[in-house]
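S.K.: Here is my input; please provide its structure:
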Amino acid sequence: MSHQHTPPEEPSSINDSQSKEQNDFVRGFSQISQVGFSIFACILIGVFIGRFLDNSLGTSPWLLLVFSFLGVGAAFKYLYDLSKRL
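M.R.: Below is the predicted model:
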């Protein structure tokens, strides 16, 4: 009679916990990336609108400043709304 020895299997709870940790990391990274991109986009859109209007109306640099500050305000409002959701 031959007796075959099979290696013990790893408990599935270890694999599940590693998978959960990896999913949590990816989810957290994507949320942080979304926040950074949204802040950047708000400010950049304000700058582009301000530059376009300044070039069109000859009011340089006033509309650039106004719309830049509006973009910063929109970014803060986004952060405020996000903090209320969490």
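S.K.: the helices in the protein, which residues?
M.R.: Counting by DSSP state H, residue ranges of the helices within the chain are 12-57, 62-85.
S.K.: a markdown table for these, including mean neighbour count and mean pLDDT?
M.R.: For the C-beta atoms, the positions are set from N, CA and C on the backbone; glycine is no exception. Putting the helices of the chain into a markdown table (neighbours: other CB atoms under 10 Å; pLDDT from 0 to 100) gives the following:
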| stretch | mean neighbour count | mean pLDDT |
| --- | --- | --- |
| helix 12-57 | 12 | 89 |
| helix 62-85 | 14 | 95 |
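S.K.: so how far is Ser68 from the closest residue to Ser60 other than its chain neighbours?
M.R.: Counting by CB to CB, 6 or more residues apart in numbering, Asp54 is the residue found nearest to Ser60 once chain neighbours are left out, at 4.3 Å. According to CB to CB, to the nearest Å, Asp54 and Ser68 sit 11 Å apart.
S.K.: what does Arg51 give?
M.R.: Distance from Arg51 to Ser68, by CB to CB: 9 Å.
S.K.: again with Tyr78
M.R.: 16 Å.
S.K.: Likewise for Cys42?
M.R.: 10 Å.
S.K.: and what of Ile45?
M.R.: For Ile45 relative to Ser68 (CB to CB), the value is 10 Å.
S.K.: so how far is stretch 73-85 off the chain centroid?
M.R.: Relative to the chain's own centre, stretch 73-85 is displaced by 12 Å; criterion: CA atoms, centre = their mean, to the nearest Å.
S.K.: Pick out the residue nearest the middle of this structure.
M.R.: Against the mean C-alpha coordinate of the chain, by CA atoms, centre = their mean, the closest residue is Gln34 at 1.7 Å.
S.K.: list the contacts for it?
M.R.: Applying CB atoms under 8 Å, 6 or more residues apart in numbering to Gln34 gives no contacts.
S.K.: Much appreciated, bye for now.
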